[in-house]
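Student: This is the structure alone, sequence omitted:
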């Protein structure tokens, strides 16, 4: 894919001066520890609904040991999670969905075009094509290592029913403790 076809001109991305670091990302995204898959946010254009960030892929990622032994390759599902986190950050920061939390609603047309390995800097770019308040966001995405497209497709973000999930977990915990007490 020619560089001109990327959502963001890669020359505009300043890795030394991100517009949002990990602490700022945490203000908008709930993921923590091994599930944080963004290193920084580099670019935002609220008129075009475009955002770019990156994941610095390290040698001590939780998946390196088992995916695959002696040949660590970043799982596609982790790449998709990173893109979902970028989309969530952009939607939450700009209050596009009107939700307490954005969840992964689906993915279409994902193509994995090359491997991502420890030491790579995976640049992620999204362009929202739909933002329906309280319903969904749809974002086309691209992932680039160097100047090479390694992943692209489209994903859907949906509002998560946070209180309903918490209530369900509480009911399950009560049921489990009651079951354990009768054993």
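Tutor: Sure, I can see it. For clarity, every value in this text was computed on a predicted model and none was experimentally measured.

Student: Surely residue 115 is in contact with residue 73?
Tutor: Yes - counting by Cβ atoms under 8 Å, residue 115 touches residue 73, with 4.9 Å between them. C-beta: built from backbone N, CA, C; applies to glycine.

Student: need the helix or strand of this protein with the lowest average pLDDT.
Tutor: In the chain, no helix or strand scores lower on mean pLDDT, DSSP states H and E than helix 162-182, which sits at a mean of 89.

Student: contacts for that helix?
Tutor: 100-101 (Cβ atoms under 8 Å, 6 or more residues apart in numbering).

Student: And that helix, how far out from the chain middle?
Tutor: How far helix 162-182 lies from its chain's middle: 29 Å, per Cα atoms, centre = their mean, to the nearest Å.

Student: And for stretch 20-28?
Tutor: 13 Å.

Student: what's the answer for stretch 55-71, then?
Tutor: Distance, stretch centre to chain centre, for stretch 55-71: 18 Å (Cα atoms, centre = their mean).

Student: which residues does residue 64 contact?
Tutor: Contacts for residue 64 were tallied using Cβ under 8 Å, 6+ apart; they are 72, 118.

Student: Report pLDDT for it.
Tutor: As predicted, residue 64 sits at a pLDDT of 96.

Student: That one in helix, strand or coil?
Tutor: Under DSSP: H, G, I helix; E, B strand; the rest coil, residue 64 falls in the coil class.

Student: One more: residue 14?
Tutor: Following three-state DSSP, residue 14 is assigned to coil.

Student: ok, which stretches of this structure are helices?
Tutor: Along the chain, counting by DSSP state H, helices occupy 22-26, 76-93, 162-182.
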